[in-house]
Structure formats: C-alpha cells, structure tokens
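> predicted model and sequence below, questions to follow.
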Amino acid sequence: MMNSIKKTIIAFLMALGPLTAVGQTLPSLPSVDQTNELAHINVQQLISEMPEVIAAQNELAKLEKDYTTQIDNAFKEFQTKAQNYSADAANQTDVTNQARQKELESMQQNLQEFRDSASQELQKKQMDLMTPLLEKARDAINKVGKDQGFNYVIDSSPNGGVILANGKDLLEDVKKELGF
C-alpha cells in the first residue's frame, strides 16, 4: 500500500515537474481588476428587512387571523349542532335524524370548502403583495450592481444564485464549438 501511494505521489510530481521547474516561471495571466467583477448580497435578509415586506407580512397575518377566527367559529357551530343532534337523536324520527345528518354533512363540506377558499385567497394575496416587492428588490440590486461597476452579483442566501450577469455569455460560442 505504501509503495502505491509513493508511486502515485511521484507520478503526480513528475506531471507537475515541467510546469514548476527551477528557474522557470509560469506565463502570467492578463491582469484583471477583480475588485469590481463580483459582488454578493443576502437577498433573503434584504427582503426580510424591507419595511414594505414587513407591512405586507403584517397584513397577511391579520387576514390569516380573520380567516382562522371565521373557520374556528364555523367549526364550533358545527360541533355544537352535532352534539345537540346526537343527544336528541333518540327522541326524533328516522326522517328527522337523516335530515339532520345531511345538514351536518353539508355543513362539514361547506367548512372544508371555506378552508380551501381561504387558503387559496391567502396565497393569492401573498403573491399580489409580495411579487412587486421582490421585483423592486431585484431592480434595486441590479441598479446598485451596475452603478458600482459589478459584472456579477451573486445571492449569498442559502440556495441563492446569480442575480446580475453582465459578463460574456459563452452559450453561442460553445454551441458553435459543438457544431450546432
């Protein structure tokens, strides 16, 4: 095992040998002013600290609380009615009990539909409120990045990516190299 490691190291050094021979220097790369090539920003932090976003989140929380209160009240009404009907079932006819059962099933279905509707409305409201704010933040990042001469701005949030890309796009050149 030790011999194979030594052989691997020797082979690696021999491969590097011509590049790092004594007295030989590597050709220097063209000087690039990298101070203004690349910048980063934590977009999640920016968004979370925007006053407009905080106001929108408060509005969404109030709307969610209103929906939750309405759903809770409707559920309590359903429970009360179900308990009353259950307690009184022995004193009623089969026809009345069946009608009450249908009424409870209808109430339960309406409650579920209201929950679904409220959830969809919250999602829609969130998109309506947040989309322009996210666009505003992106536009501001692009403006500041360009104004300060950066070619690339990277989102340093977890799972972030490139926000601004002013550098050369190699797509067409690589396609040409590949023959299409």
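Arrived safely.
> remind me what the longest helix seen in the chain packs against, helices and strands.
For the chain, the helix that runs over the most residues, judged by DSSP state H, is helix 94-147. On a contact count with 3 or more C-beta pairs under 8 Å, 6 or more residues apart in numbering; DSSP states H and E, helix 94-147 meets helix 43-49, helix 51-88, strand 152-155, strand 162-165. Every C-beta, even on glycine, is put in place using the N, C-alpha and C of the backbone.
> distance between the last one and the chain's centre?
Right, strand 162-165. 17 Å (C-alpha atoms, centre = their mean, to the nearest Å).
> in that strand, what counts as buried?
For strand 162-165, the neighbour count (16 or more other C-beta atoms under 10 Å) marks 163-164 as buried.
> tell me the helices and strands packed up against it.
Contact partners of strand 162-165 among helices and strands, from 3+ C-beta pairs under 8 Å, 6+ apart: helix 94-147, strand 152-155.
> lowest mean pLDDT across these, which one is that?
Mean pLDDT is lowest for strand 152-155 among these, at a mean of 89.
> from the chain's centroid, how far away is it?
With C-alpha atoms, centre = their mean, you get 17 Å for strand 152-155.
> before we move on, what about stretch 65-80?
Centroid separation between stretch 65-80 and its chain, computed with C-alpha atoms, centre = their mean, is 31 Å.
> can I get it in CSV, CA atoms only?
Coordinates of each C-alpha in stretch 65-80 appear next as CSV, following Å, rounded to 0.1, in the frame of the first residue of the first chain:
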residue,chain,number,x,y,z
LYS,A,65,-56.1,35.5,11.7
ASP,A,66,-59.5,36.7,10.4
TYR,A,67,-60.0,33.5,8.3
THR,A,68,-58.8,31.4,11.2
THR,A,69,-61.4,33.0,13.5
GLN,A,70,-64.2,32.5,11.0
ILE,A,71,-63.2,28.9,10.5
ASP,A,72,-63.0,28.3,14.2
ASN,A,73,-66.4,29.8,14.8
ALA,A,74,-68.0,27.8,12.0
PHE,A,75,-66.4,24.6,13.4
LYS,A,76,-67.7,25.4,16.9
GLU,A,77,-71.2,25.9,15.4
PHE,A,78,-70.8,22.5,13.6
GLN,A,79,-69.7,20.8,16.8
THR,A,80,-72.5,22.2,18.9
